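> Sequence and predicted structure below; questions after.
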Amino acid sequence: MEKKQRTTAQTVGRIAKIVAVIAIAVVLVFVTIRLLPWFISLKDESVRVAFQEYVHSLGFGGVLLLLGIQVLQIVVAFLPGEPIEILGGMLYGTFGGLVLCLTGVLIGSCAVYSLVRLLGKPLIDRLFKKEEVSKYAFLRDTAKIETMVFILFFIPGTPKDILTYLAPFVRIKPLKFFLIATFARIPSVITSTYAGASIMAGKWWQTVVVFVITGILGLLGIWYNNRLTKKQNAKLAQEGEGAQAEKEETGDDL
């Protein structure tokens, strides 16, 4: 009976997750369609200037709005971060947008860390597939945890959202993780804010070049991430087999 109830709960959880993903996808498509004419109108310099002036007229409220959107993107792991970073560059320039986005990343990372510490592993099980989580199993046992986390956040194309949610389960101090998760993103964030600043300056070809280079680096990052995680998990498996064999030889498992 208990097993049946657990299976039912898991099924309901999976259905709820699918419904949530579909709902988010529908909202994103709807928002994209509604905003597409506005994005096209950005070719007109007067539209770009008017938009920037309007947000700046909000004063600190405009800063808080962008900051809040960036925090939301970190907490809601399914949302893409690049559009927000581009928006930051459009409104506050390459480096102003960088500072605001990184501040939002830091606040969002702290919020996610606290949330996972409060709700525990069930939250991870609801948000991510088992295969996605097991891919980073090696982080629990690697001796060079800070270096490995920095590499994963530094290279483009890695699923940084899941890494943020897994941080409470690895042996790394919270402060170190927050600093790494924030500052290791600088290369990927600054390329997006630079692209946003280029859009505001009307340098469209420059923006296209940045997007192309970023896309290529993203593909290379995905390839390297897959290669790195497979190598580290294979190493972890070999170490586990070696330890088991040593126990059998010495009789420690008896």
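Thanks, I have it. All values derive from a computational prediction rather than experimental measurement.
> Residues touching stretch 138-148, excluding its own?
149, 166, 169-172, 176, 180, 229, 232-233, 235-236, 239 (Cβ atoms under 8 Å, 6 or more residues apart in numbering). The way it works is simple: take the backbone N, C-alpha and C, and place the C-beta from them, glycine included.
> Kindly recompute the last result at 7 Å.
Stretch 138-148 is contacted by residues 166, 169, 170, 171, 172, 176, 180, 232, 233, 236 when judged by Cβ atoms under 7 Å, 6 or more residues apart in numbering.
> Quick check: the farthest pair among these?
Greatest spacing in the contacts of stretch 138-148, by Cβ to Cβ: 176 and 233 (23.0 Å).
> related to what we said a few turns ago, can you tell me which of the contacts of stretch 138-148 lies nearest to residue 128?
residue 166 (8.6 Å).
> Looking at the contacts of stretch 138-148, which are in helices?
Counting by DSSP state H, the contacts of stretch 138-148 place 166, 176, 180, 232, 233, 236 in helices.
> If burial is judged by neighbour count, which of those residues pass?
Neighbour counting with 16 or more other Cβ atoms under 10 Å marks 166, 180, 232, 233, 236 as buried within the ones in helices among the contacts of stretch 138-148.
> any idea how far the fourth one is from residue 162?
To tie it back to what came earlier, the one meant is residue 233. Going from residue 233 to residue 162 by Cβ to Cβ, to the nearest Å gives 15 Å.
> if we can go back for a sec, so which of the contacts of stretch 138-148 is the closest to residue 131?
For the contacts of stretch 138-148, the minimum distance to residue 131 (Cβ to Cβ) is 11.8 Å, reached by residue 233.
> tell me the pLDDT at the closest one?
Residue 233 carries a pLDDT value of 71.
> residues contacting it?
137, 138.
> mind checking how far it is from residue 226?
Residue 233 is 11 Å from residue 226, by Cβ to Cβ.
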